[in-house]
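Student: For reference, the sequence and a predicted model appear below.
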Amino acid sequence: MLADLVRLARPTHWIKNVFVLIPVPFALADAAQRGVELIPGVFLLGLLGFCLTNSAVYTLNDLLDAQSDRLDPRKRHRPLAAGKVSAAAAVVQGAVLVLIGLGLCLASGRMAAVWLALLYVALNAAYSLAVKHVVLLDVFLLSSGFVIRVLLGCALIAASPSAWLLLCTSSLALFVGFSKRRADLAAGLDGNHRGSLGGYSRAFLDQAIAVCAGVALAAYALYSIEAKVFLPQREMASMPFVAYGILNYLRLADSEDTSGSPVEIAYRCLSSQLCAIGWGVAVTWSLGMW
């Protein structure tokens, strides 16, 4: 049962919190921004606290979705849907995780981290209870989780979030959300599984994905050009990796072998992993960190 409780917490999904790290190199490279400081202990406490809060949300989501998950060939083996974990055990686990998670965020000394964790819990509770059945709003609410992660990264180093960074992150998050909905339709799921799916069509989702991908690429390119943190002649060094990453994600999400999940793609796709490493190397070089 312990192994099933761990599976219920989905620690593998903590990889999504790589978004917490995204603003760090940009903020540290901005010498004009006063008060920015990366304190490893503070950052790790806030990050771990948010990871545990994520697990509490996943537990709640699976608890509420257990019945519908039994109808999904990909989700019917989850611990609650398969009957391997009781509802009572899930409630206790969720409560313990959220309390410890919020406690660690509080221990980091960044009150903004606590408020962001609470906001994340509240938005996901609203999603699980009702919003997941509302067309468009379901994707917007899911996407907000990635924006909250970026804001958390800024909060943990006492940095002000860049408008360009938030625009790029939000459009990229919407791109991922709409790609998942398209993958759901491609897998044969409909409004009987999730109410919002009845309001989507492949044609609309293709257009929405294209718009969000275009906005994300344009926002990142403009930020690279306009921001003063990049060294001259190095501004666009990371742009090819961003373009490749977005297009490769779309290709993978459109294939029959994936569900459009960023977690599955992150763990299984070597090209995406190499692209992420390449982006990290390129962006730190363009910021003059080495």
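Tutor: Sure thing, it's come through. Residues are numbered from 1 along each chain as shown.
Student: In contact with Ala266: list those residues for me.
Tutor: Ile15, Ser272, Gln273, Ala276 (CB atoms under 8 Å, 6 or more residues apart in numbering). The C-beta positions use only the backbone N, C-alpha and C, and glycine is treated the same way.
Student: tell me the average confidence for stretch 138-155?
Tutor: Throughout stretch 138-155, pLDDT has a mean value of 92.
Student: for stretch 244-262, same thing?
Tutor: Averaging pLDDT residue by residue across stretch 244-262 gives 76.
Student: From the chain's centroid, how far away is it?
Tutor: On the basis of CA atoms, centre = their mean, to the nearest Å, stretch 244-262 sits 15 Å off its chain's mean C-alpha point.
Student: and if you look at stretch 188-202?
Tutor: The mean C-alpha position of stretch 188-202 is separated from the chain mean by 22 Å, CA atoms, centre = their mean.
Student: how long is that stretch from one end to the other?
Tutor: Using CA to CA, to the nearest Å, one end of stretch 188-202 lies 12 Å from the other.
Student: how much space is there between Ser179 and Ser238?
Tutor: According to CB to CB, to the nearest Å, Ser179 stands 22 Å off from Ser238.
Student: okay, those two: which has more neighbours?
Tutor: Legend: neighbour count by other CB atoms under 10 Å for Ser179 and Ser238, higher for Ser179 (28 against 22).
Student: how about the spatially most central residue of the chain, what does it touch?
Tutor: Centroid-nearest residue in the chain: Phe146, 3.9 Å away (criterion: CA atoms, centre = their mean). Residues near Phe146 by CB under 8 Å, 6+ apart: Lys16, Phe19, Thr169, Ser170, Leu172, Ala173, Val176.
Student: Mind putting the residues you listed into JSON lines with distance to Ala3 and secondary structure?
Tutor: Output for the contacts of Phe146, formatted as JSON lines (distance: CB to CB, whole Å; DSSP: H, G, I helix; E, B strand; the rest coil):
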{"residue": "Lys16", "distance to Ala3": "22", "secondary structure": "helix"}
{"residue": "Phe19", "distance to Ala3": "28", "secondary structure": "helix"}
{"residue": "Thr169", "distance to Ala3": "34", "secondary structure": "helix"}
{"residue": "Ser170", "distance to Ala3": "36", "secondary structure": "helix"}
{"residue": "Leu172", "distance to Ala3": "34", "secondary structure": "helix"}
{"residue": "Ala173", "distance to Ala3": "31", "secondary structure": "helix"}
{"residue": "Val176", "distance to Ala3": "29", "secondary structure": "helix"}
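Student: tell me the two of the residues you listed that are most distant?
Tutor: Largest separation among the contacts of Phe146 by CB to CB: Lys16 and Ser170, giving 15.0 Å.
Student: Can you list the low-confidence ranges for the stretch 151-290 of the chain?
Tutor: By pLDDT under 70, the low-scoring segments of the stretch 151-290 of the chain are 191-194, 256-260.
Student: And the helices in it, which stretches?
Tutor: Assigned by DSSP state H, counting those that start in this stretch, the helices in the stretch 151-290 of the chain fall at 163-186, 202-226, 239-253, 262-268, 270-286.
Student: Among the ones you listed, show me which one is buried the most.
Tutor: The highest mean neighbour count among the helices of the stretch 151-290 of the chain, using mean count of other CB atoms under 10 Å, belongs to helix 163-186: a mean of 21.
Student: got the angle between it and helix 239-253?
Tutor: Calculated by axes from the mean of the first three to the mean of the last three CA atoms, to 10 degrees, helix 163-186 forms an angle of 20 degrees with helix 239-253.
Student: Now do helix 163-186: which elements does it pack against?
Tutor: helix 137-156, helix 202-226, helix 239-253 (3 or more CB pairs under 8 Å, 6 or more residues apart in numbering; DSSP states H and E).
Student: any chance of those in CSV, plus distance to Leu123?
Tutor: Shown next, in CSV, are the helices and strands packed on helix 163-186 (distance: least, CB to CB, whole Å):
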stretch, distance to Leu123
helix 137-156, 6
helix 202-226, 19
helix 239-253, 23
